[in-house]
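Enquirer: Sequence isn't available, so here's the structure alone:
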């Protein structure tokens, strides 16, 4: 991946409420604004009511802060950070199934894996599966090196990123639990979970 391509990508991290429909709202925002998303990953955090989204976008023609401002306007979005504008660690995981049906192919595959933070996780008489968890550019380079062997199948998780050092994106946010009518019919409201 060239330096120019790397410069035009924005990596945003959004903390969102862990509720149904949140991913749909965010995807709809990108569709409406015609933003091109390279990858979008979502996972729970150490707080069960908060999920963390990592979004990698083509940044040509728009600033990361503007995208973050649009995200922050959405209901269920707790916090947003443009991680690509600060020192960060990012990783992409890929599983790549390649042809390895003879000794030469297996030897070549082993040599290629030794040059990268990759290893063979499954091997059979016809194919082998290679796993790599590294920066996106290293994953791309490995894929190019494996193409001559014949890529049969591939899956990638998308990029996850985190600010380095004390750059922490966390929130003391606690969900508000709505009041419900008391079952005895006296009109009083009772708040559950507090």
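Expert: Sure, I can see it. On a predicted model such as this, the values are computed, not experimentally measured, just so you know.
Enquirer: And the residue most central in space within the chain, how far from residue 161?
Expert: For the chain, the residue nearest the mean C-alpha position is residue 41 (2.9 Å; Cα atoms, centre = their mean). Separation of residue 41 from residue 161 (Cβ to Cβ, to the nearest Å) stands at 9 Å. Bear in mind the C-beta positions are built from the backbone N, C-alpha and C, glycine included.
Enquirer: can you list residues touching both of the two?
Expert: Contact criterion Cβ atoms under 8 Å, 6 or more residues apart in numbering; residues shared by residue 41 and residue 161: residue 54.
Enquirer: Which secondary structure state does residue 74 sit in?
Expert: coil (DSSP: H, G, I helix; E, B strand; the rest coil).
Enquirer: Confirm for me that it is in contact with residue 28.
Expert: No: applying Cβ atoms under 8 Å, one finds residue 74 not in contact with residue 28, separated by 9.2 Å.
Enquirer: higher neighbour count, those two?
Expert: residue 74 (15 against 11; other Cβ atoms under 10 Å).
Enquirer: so what's that one closest to, chain neighbours aside?
Expert: Among residues not flanking residue 74 along the chain, residue 25 sits closest, at 5.5 Å (Cβ to Cβ, 6 or more residues apart in numbering).
Enquirer: now do residue 90
Expert: Per Cβ to Cβ, 6+ apart, closest to residue 90 is residue 161, 3.9 Å.
Enquirer: and the one you found, that one's in a strand?
Expert: Yes: per three-state DSSP, residue 161 lies within a strand segment.
Enquirer: Can you get me a residue count around it?
Expert: Counted by other Cβ under 10 Å, the residues lying close to residue 161 total 23.
Enquirer: show me the contacts for it.
Expert: Counting by Cβ under 8 Å, 6+ apart, residue 161 has contacts 11, 13, 54, 83-84, 88-91.
Enquirer: Tell me how far it lies from residue 115.
Expert: 24 Å.
Enquirer: before we move on, back to that, helix, strand or coil: sort out the residue nearest to residue 74 for me.
Expert: Going by three-state DSSP: residue 25 is helix.
Enquirer: Surely it touches residue 71?
Expert: No: with contact defined as Cβ under 8 Å, residue 25 does not reach residue 71; the gap is 9.8 Å.
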